[in-house]
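*Asks:* what follows is a predicted protein model with its sequence.
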Amino acid sequence: MKLVTNIYQNIIIFYMDNSLNYEKLGLRIGLECHQQLDGHKLFCKCPCIIKDENYDFEVKRFLRLSESELGSLDPAAQFELRKNKYFIYKGYNNLNCLVELDESPPEELNKKALDIALQITLLLNAKPVDVVQFMRKMVIDGSNVSGFQRTAVIGFNGYIDTSEGKVNILSVCLEEESAKKLEDADSFRVYNISRLCIPLIEIATGPDIHSPSQAKECAEKIGMVLRSVKGVKRGLGTIRQDVNISIKGHPRIEVKGFQDLRSISKVVDYEISRQLELIKKNFKLISEVRKAEPDFTTSFLRPMPGSSRMYPETDIKSIYITKELLSKIKIPELIADKVENLEELYYLQPEIAREIIKKEINFEHFVNEYRNVDPKFIARVIIEIPKDIKSRFNLDITKLSEDNFHAVLELVDNNKISKDAVIDVLSDLIKTGVINLNNYKILSKENIEEDIKKIISNNPGASFGALMGIVMSKLKGKADGKLVSELIKKHLK
């Protein structure tokens, strides 16, 4: 342990200010992206809800190792078996059933999950398989009560384009999510099985990525494709990435546990540096699975699993992917295309367009409803002004509903309040839930002009900027800034 710690310290000191030559290293990176789906579980009707407290029951189990159909034993499974642990599973009566506890055979496949997997396959330019055949992947670390995970290839031979070149998609799989580990003691391990058997999409790329930045971009693009499909879960913990890394002439090492894409580049760089430091010290690299740590280092998890852990699932019928079935698959529009369309149609900034799509706002409806309001201002009201309210007034902007935005934009559209009043009106809605129009009634042009004349007269020699500030402070929310500017310029001549 001291040796490993010293190696990491040397890496951090030596490599922080030195860029690695990825091409010279012959760096090859592949990604595995895992995305949970919503709805019900893969082989039963239990809901895809993850709960973490007030368990209804617990079950104690031991798992044993079995041979593959070729008579061999998987090294990763043997490694887990030597720990000689028993497992405790905690669950819920309304979220789990006998299928998850492996006391009942799997029920019919979740057809909606298959439909989503086929949509993702086609969006990744991949070819759907002719026959979906589920396999059993041996897992005896306790994360699956049965000792195996059901998985099936849905598509293969796809690709995505990145700024550094094309990355091949080797496979798109549909499989069962594992249980959530709660405690790991010397003789036992505790799991929460509410997550167990949630449908999971696994996307594996080829080793076509040649830099950490390309790995991050590739993960972002795959994530964008996944979020483009309805029925995909959102939020922290619903998607994770594993990264396979190899240096020319040395074995592949898998790093697991990425949830924050921003950490991929740093962890990959440190892992490459760790390997280089070991090579420099004449240590032989061994193919293994490692865990990404919060400080961007990696730690040993287990030996690299092999093909010996896979064997056919005989309890589930094969599913034929016919032309008729594929013709019914509705391919959704990619988020990236939706963002680009918003930018081009309404001249929006890319980051604002992305937020509108992310929040699933029907922006076209807003534009059609309030034709007297510039679409760019509508976007500002919905996306930017709430942020201003939070930073300036420290108010809870989550209290603002879509109806609130409609109410304010309708007042602007009918010229009942000025654009400059919107931030104050929305703030009042957060604080009181009502709009007092008497506080924001727009003054007539004549009244505004009269006030401006008096202010100019009372402030001889004041600059345009100073006068603008005085007038807007006095007429706050009751006059349009553009009109005020025009009138000040008129009377300063």
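*Replies:* Structure received.

*Asks:* can you give the domain ranges for this protein?
*Replies:* Per automatic domain parsing, the structural domains of the chain span 2-326, 335-439, 445-492.

*Asks:* for the second one, give the mean pLDDT please.
*Replies:* Right, the one you point to is domain 335-439. Averaging pLDDT along domain 335-439 yields 94.

*Asks:* what is the end-to-end distance of it?
*Replies:* Its first and final residues considered, domain 335-439 spans 41 Å by Cα to Cα, to the nearest Å.

*Asks:* now it, how far from the centre of its chain.
*Replies:* Put simply, domain 335-439 sits 25 Å off its chain's centre (Cα atoms, centre = their mean, to the nearest Å).

*Asks:* do the first one as well
*Replies:* Using Cα atoms, centre = their mean, the distance from the centre of domain 2-326 to the centre of the chain it belongs to is 16 Å.

*Asks:* let me see the mean pLDDT of that domain.
*Replies:* 90.

*Asks:* related to what we said a few turns ago, ok, and which of the domains of the chain has the densest surroundings?
*Replies:* Across the domains of the chain, the average number of neighbours (mean count of other Cβ atoms under 10 Å) peaks for domain 2-326, which reaches a mean of 18. (Each C-beta comes from the backbone N, C-alpha and C, glycine too.)

*Asks:* neighbouring strands for the longest strand along the chain, and are they parallel or not?
*Replies:* Secondary structure of the chain per DSSP state E: the longest strand is strand 148-162. With DSSP bridges as the test, strand 148-162 is paired with strand 127-128 (antiparallel), strand 135-138 (antiparallel), strand 165-176 (antiparallel).

*Asks:* who touches the helix or strand that contains Asn447?
*Replies:* Assigned by DSSP states H and E, Asn447 falls within helix 445-458. Defining contact as Cβ atoms under 8 Å, 6 or more residues apart in numbering, one finds that helix 445-458 is touched by 443, 462, 467, 470-471, 474-475, 479, 483-484, 487-488, 491-492.

*Asks:* leaving out sequence neighbours, find the closest residue to His250.
*Replies:* With Cβ to Cβ, 6 or more residues apart in numbering as the criterion, His250 has its nearest non-adjacent residue at 4.7 Å, and that residue is Leu285.

*Asks:* surely that neighbour is in contact with Leu278?
*Replies:* Yes: counting by Cβ atoms under 8 Å, Leu285 touches Leu278, with 6.3 Å between them.

*Asks:* one step back: okay if I get the strands paired with strand 148-162 as a markdown table plus distance to Ile264?
*Replies:* Formatted as a markdown table, these follow (distance: least, Cβ to Cβ, whole Å):
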| stretch | distance to Ile264 |
| --- | --- |
| strand 127-128 | 28 |
| strand 135-138 | 25 |
| strand 165-176 | 14 |
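
*Asks:* so which of those gets nearest Lys338?
*Replies:* When the strands paired with strand 148-162 are compared by Cβ to Cβ, strand 165-176 sits nearest Lys338, at 21.8 Å.

*Asks:* I'd like the next helix or strand past that closest one.
*Replies:* Proceeding N to C from strand 165-176, the next assigned helix or strand is strand 180-184, under DSSP H and E.

*Asks:* run through the neighbouring helices and strands of that next one.
*Replies:* Packing contacts for strand 180-184, counted by 3 or more Cβ pairs under 8 Å, 6 or more residues apart in numbering; DSSP states H and E, involve strand 188-192.

*Asks:* describe which strands the following helix or strand past the strand it packs on pairs with in its sheet and in which direction.
*Replies:* Counting by DSSP H and E, the next helix or strand C-terminal to strand 188-192 is strand 199-205. If you go by DSSP bridges, strand 199-205 pairs up with strand 28-36 (antiparallel), strand 165-176 (antiparallel).

*Asks:* including distance to Lys111, could those strands go into TSV?
*Replies:* What follows is these, written out as TSV (distance: least, Cβ to Cβ, whole Å):
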stretch	distance to Lys111
strand 28-36	17
strand 165-176	11
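
*Asks:* of those, which is nearest Arg274?
*Replies:* strand 28-36 (14.9 Å).

*Asks:* would you mind writing the CA trace of that closest one as CSV?
*Replies:* This file holds the C-alpha atoms of strand 28-36, laid out as CSV (Å, rounded to 0.1, in the frame of the first residue of the first chain):
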residue,chain,number,x,y,z
ARG,A,28,-6.2,3.4,-27.0
ILE,A,29,-9.4,4.1,-25.0
GLY,A,30,-12.8,2.4,-25.1
LEU,A,31,-16.0,3.4,-23.3
GLU,A,32,-18.8,1.5,-21.7
CYS,A,33,-21.8,3.7,-20.9
HIS,A,34,-24.6,2.3,-18.7
GLN,A,35,-28.0,4.1,-18.7
GLN,A,36,-31.1,3.1,-16.5
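
*Asks:* which residues touch that strand?
*Replies:* So strand 28-36 is contacted by 48, 170, 177, 198-212, 214-215, 218-219, 222-223, 226, 232-233, 238-246, 248, 268 (Cβ under 8 Å, 6+ apart).

*Asks:* which ones among these are found in strands?
*Replies:* Mapping those onto strands (DSSP E) picks out 170, 199-205, 239-246.

*Asks:* list just the nearest of these to Ile331.
*Replies:* When those are compared against Ile331 (criterion: Cβ to Cβ), the nearest one is Ile201, at 15.4 Å.

*Asks:* for the closest one, which residues are in contact?
*Replies:* Cys33, His34, Gln35, Leu37, Ile116, Ala117, Ile120, Val172, Cys173, Leu174, Leu226, Val232.

*Asks:* give me the distance between the closest residue in space to it that isn't next to it in sequence and Asn168.
*Replies:* Nearest non-adjacent residue to Ile201, counting by Cβ to Cβ, 6+ apart: Gln35, 4.6 Å away. Gln35 sits 19 Å away from Asn168, going by Cβ to Cβ, to the nearest Å.

*Asks:* quick check: His40 touching Leu95?
*Replies:* No: shown here, His40 and Leu95 do not form a contact pair, counting by Cβ under 8 Å, at 10.6 Å.

*Asks:* which neighbours do those two have in common?
*Replies:* In terms of Cβ under 8 Å, 6+ apart, His40 and Leu95 are both contacted by the residues Cys46, Pro47.

*Asks:* circling back: in the sheet, who's paired with the residue nearest to Ile201?
*Replies:* For Gln35, the beta-bridge partners are Ile201, Ile239 (DSSP bridges).

*Asks:* with just CA atoms, put stretch 311-322 into PDB.
*Replies:* Below are the C-alpha coordinates for stretch 311-322, written out as PDB (Å, rounded to 0.1, in the frame of the first residue of the first chain):
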ATOM      1  CA  TYR A 311     -23.800 -18.800 -20.900                       C
ATOM      2  CA  PRO A 312     -27.200 -18.900 -22.500                       C
ATOM      3  CA  GLU A 313     -30.400 -18.000 -20.500                       C
ATOM      4  CA  THR A 314     -32.800 -20.900 -21.100                       C
ATOM      5  CA  ASP A 315     -35.800 -19.300 -19.200                       C
ATOM      6  CA  ILE A 316     -36.300 -16.500 -21.800                       C
ATOM      7  CA  LYS A 317     -37.600 -17.000 -25.300                       C
ATOM      8  CA  SER A 318     -35.600 -15.600 -28.200                       C
ATOM      9  CA  ILE A 319     -37.100 -12.500 -29.800                       C
ATOM     10  CA  TYR A 320     -36.900 -12.100 -33.600                       C
ATOM     11  CA  ILE A 321     -36.300  -8.500 -34.800                       C
ATOM     12  CA  THR A 322     -38.400  -8.500 -38.000                       C
END
